[in-house]
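**Student:** take this sequence and fold it.
(2 chains)
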Amino acid sequence: MSGAQTSSQAPALEIRNLCKEYRRGVPVLRDVSLTVEPTSITAIIGPSGTGKSTLIRCINRLVEPTSGEILFHGTDLTTLSRRALRHTRRRIGMVFQEYNLVERLTVMENVLSGRLGYVSAFKAWLRRYPRADVEAAFDLLETVGLTRQANQRADALSGGQRQRVGIARAVMQQPELMLADEPTSSLDPKTSVEIMELLVSIASTRRIPVVVNIHNVPLARRFATHVIGMTGGRVVYDGPPAGLTDDHLKQIYGGEDWLE
Amino acid sequence: MTRSAGASRAAKAFQPNWLARFGWGALVAYAIYAASILDVTWDRFALGLGQGARFIGRMFPPDVSPDKLQLMMRGLYESLEIAIIASALGILLSLPIGLLAARNLMPPWLTWPTRLLIALCRSFHQVIVAIIFVKAVGFGALAGILALTVGSIGFVAKLFAEAIEEISLKQVEAIRATGASFMNVVLYGVMPQVLTRFVGFATYQFDSNLRNSTMVGIVGAGGIGGTMFAAFQKFDYDYLLTILLAIIAMIMVSEILQNAVKKLYQ
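**Tutor:** Alright, predicted model coming up:
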C-alpha cells in the first residue's frame, strides 16, 4: 500500500543547505542539512521561534524555501512546477499543532479530505468518493478509535479526538512521508503521550517515515529514532536520542535551570 | 489608600475623547441648521398630519372587488417572479465573483477588477438601475430582473468576499497540504467556513429583492409597482390599501420561509 518499500535503502528525504528568509537579511533557517531514513521517526527539537515550523513547511512548500535542496526519493522538491508539487504533496501527509480540521465538516468528511488530491471537484462536492476510499476511512477511524464519531462535526470533538482525526486524514493519503508540526503542543501530558503512541504505531505498521517537530524533550527521547536539535535556525545536534546530553540541551535551549 | 487618592485615580481611568465629543456636537448643530434651511417647521408638520389623516380615512374600506383583486394578484405574482429569478441569478453569480474578490485567496490583478465591478453594481439605487434597463431593454419584467440581479451582486458578492477574507487559513493550509486542486481547496477549506454566512446574505438579499420588486414597477420595470403607482395617480386609495396589505402579507410569509431556510443550514 505504501510506496516506502520501493526505496528501502535510500533515504526518504534529504535536505541540503536549506535557507529561508521571510524578510531579506533576516534568515530563519541557516544552512540546514539533514537526512530522514526510511521507517524512522525523526524528532526536531528546539526552542519556540527557532524555525522548526518553517523547516517542516518548506518540505511540502507551504512555505517557499529561499535556497537549498529538498530531495524526496531523489526528486528536488524546491524546483517543482505547481502541478508536480501538488502531485508530490499527495504523497506527504501532514499533522498540525492546532489540528487544522475543517470545523464545520464531519469527522468522516475530514478523514476523506485526505483523498482530495485524487478526487475531481465535482465528485468531491457530491461526496462521491471511491468505495475503497470510504472503506479505508472506516478502517482508519477504527484504528484511531473514533468509529462512533464518524458523522459528528469536527468542532464537537475534544482536542485529543481532533488530533486523532488529523492523523487519520494524513494517513488517508497513504503517504510516503509524514510531517507533524508540534502535534501534541495543544494537548495535556497524558493525551500527548497517547497521540505520539498512535502516530508512531501507525507509522511503523505502515512503514511511513515521520518528521515531527516537538519541543518536549522527554517525548522526543521516548519516541524518536533520530533527533535533530536546532537553535537560532541552525542544526546543532544530529544523532540518536541516546547521544543527547545535558550539554547539548543547554546549547539548544540556552541556560540550565530548567534542566533540574 | 486614601479616599481622595482613589477619586483622582478614578478620574484618570476614563480619558474623555474630546474629538468624538466635538464631532457629536457638530452633527447636532448641523442637523438644526439644515432643518431651518429646508423650512422644516412644526406648523408644516401639524398641517401634514391633518392631511395624512384624511388620506388614511379615504383608504378604508379596502377595495376587494374581484376584477381589482385579479389585477393585483397578477402584479403581485409578477413581482414574486422577478424577485425569485433575480435572487437566483444574483446569488449564483455572486459565488464566483465574491471568490475572485477575496484578497486572501486571489492575486491583486484579479481582486482589483472584480472589486471594481462589485463597486459599480453597488453605485446606484436599484430604481435608477431599473430606469437604465427600461431604456435599454424596454418596459416589463426583464428590466426589473436585470436591475435586481445587478443589485444582488453588489450586495451578496461584497459580503461574501469579506466573509472569505475572515476565514481561518489553517484549515485551508491543511487541505492544500493534501495535494488538493484549487477547486477542492475552495470546496473543503473555504466553503464550509462561509456557507452559513452566505446563506444568511442570500436570504437577506431575497427579502430585499422581494421588497424592491414591488417598487421597480413604478418606473415601468414590471411587477405590482406599476399597478400601485396607477392607483396612487387615480386617487384609488382604497385599492392602494388592498395592495399594501397584500405586500405586507407576502413579506411576512417570506420571513417565515427565510427562518426555515436558515435553520436548515445551521
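**Student:** quick check: residues of chain A near chain B?
**Tutor:** Neighbours of chain B within chain A, by C-beta under 8 Å from any C-beta of the partner chain: A:60, A:62, A:86-94, A:96, A:98, A:100-105, A:109, A:113-117, A:119, A:121, A:124-125, A:166, A:169, A:173. No exception for glycine: its C-beta is placed from N, CA and C like everyone else's.
**Student:** what does the helix or strand hosting residue A:197 contact?
**Tutor:** Using DSSP states H and E, residue A:197 sits in helix A:189-205. With C-beta atoms under 8 Å, 6 or more residues apart in numbering or on different chains as the test, helix A:189-205 has contacts from A:39, A:41, A:95, A:143-144, A:159-160, A:163-164, A:167, A:171, A:178, A:180, A:183-184, A:187, A:208-210, A:212, A:216, A:219, A:222-223.
**Student:** so how far is it off the chain centroid?
**Tutor:** 13 Å (C-alpha atoms, centre = their mean, to the nearest Å).
**Student:** buried set for it?
**Tutor:** Within helix A:189-205, the residues scored as buried using 16 or more other C-beta atoms under 10 Å in any protein chain shown are A:191, A:192, A:193, A:194, A:195, A:196, A:198, A:199, A:200, A:202, A:203.
**Student:** tell me the centre residue of chain B?
**Tutor:** Centroid-nearest residue in chain B, with C-alpha atoms, centre = their mean: residue B:208, separated by 4.7 Å.
**Student:** how about the nearest residue to residue 156, chain neighbours excluded?
**Tutor:** Unless you meant another one, I'm taking chain A. Once flanking residues are discounted, residue A:156 sits nearest to residue A:149: 7.9 Å by C-beta to C-beta, 6 or more residues apart in numbering or on different chains.
**Student:** I was thinking of chain B, sorry if that wasn't clear
**Tutor:** residue B:94 (3.9 Å).
**Student:** name the helices or strands packed onto the helix or strand harbouring residue B:230?
**Tutor:** Element membership for residue B:230 (DSSP H and E) is helix B:224-233. Packed against helix B:224-233, as judged by 3 or more C-beta pairs under 8 Å, 6 or more residues apart in numbering or on different chains; DSSP states H and E, are the following elements: helix B:66-101, helix B:237-264.
**Student:** distance between that helix and the chain's centre?
**Tutor:** 22 Å.
**Student:** before we move on, what about stretch B:83-93?
**Tutor:** That offset, for stretch B:83-93, works out to 14 Å (C-alpha atoms, centre = their mean).
**Student:** dump the C-alpha coordinates for that stretch into PDB.
**Tutor:** Extracted as PDB, the C-alpha positions of stretch B:83-93 are listed here (Å, rounded to 0.1, in the frame of the first residue of the first chain):
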ATOM      1  CA  ALA B  83     -37.600  38.600  -7.100                       C
ATOM      2  CA  ILE B  84     -37.100  34.800  -7.400                       C
ATOM      3  CA  ILE B  85     -35.300  34.900 -10.700                       C
ATOM      4  CA  ALA B  86     -33.200  38.000  -9.800                       C
ATOM      5  CA  SER B  87     -32.200  36.400  -6.500                       C
ATOM      6  CA  ALA B  88     -31.300  33.100  -8.100                       C
ATOM      7  CA  LEU B  89     -29.200  34.800 -10.800                       C
ATOM      8  CA  GLY B  90     -27.600  37.300  -8.500                       C
ATOM      9  CA  ILE B  91     -26.800  34.700  -5.800                       C
ATOM     10  CA  LEU B  92     -25.300  32.300  -8.300                       C
ATOM     11  CA  LEU B  93     -23.200  34.900  -9.900                       C
END
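**Student:** that one near chain A at all?
**Tutor:** No - Stretch B:83-93 stays clear of chain A (C-beta under 8 Å from any C-beta), getting no nearer than 14.9 Å.
**Student:** who touches that stretch?
**Tutor:** Contacts for stretch B:83-93 (C-beta under 8 Å, 6+ apart): B:144-153, B:156-157, B:202, B:205-206, B:209-210, B:212-213.
**Student:** those residues in helices, which ones?
**Tutor:** B:144-152, B:202, B:205-206, B:209-210, B:212-213 (DSSP state H).
**Student:** give me the below-cutoff pLDDT ranges for chain B.
**Tutor:** B:1-7 (pLDDT under 70).
**Student:** domain ranges for it?
**Tutor:** Listed by automatic domain parsing, the domain ranges of chain B are B:13-57, B:63-264.
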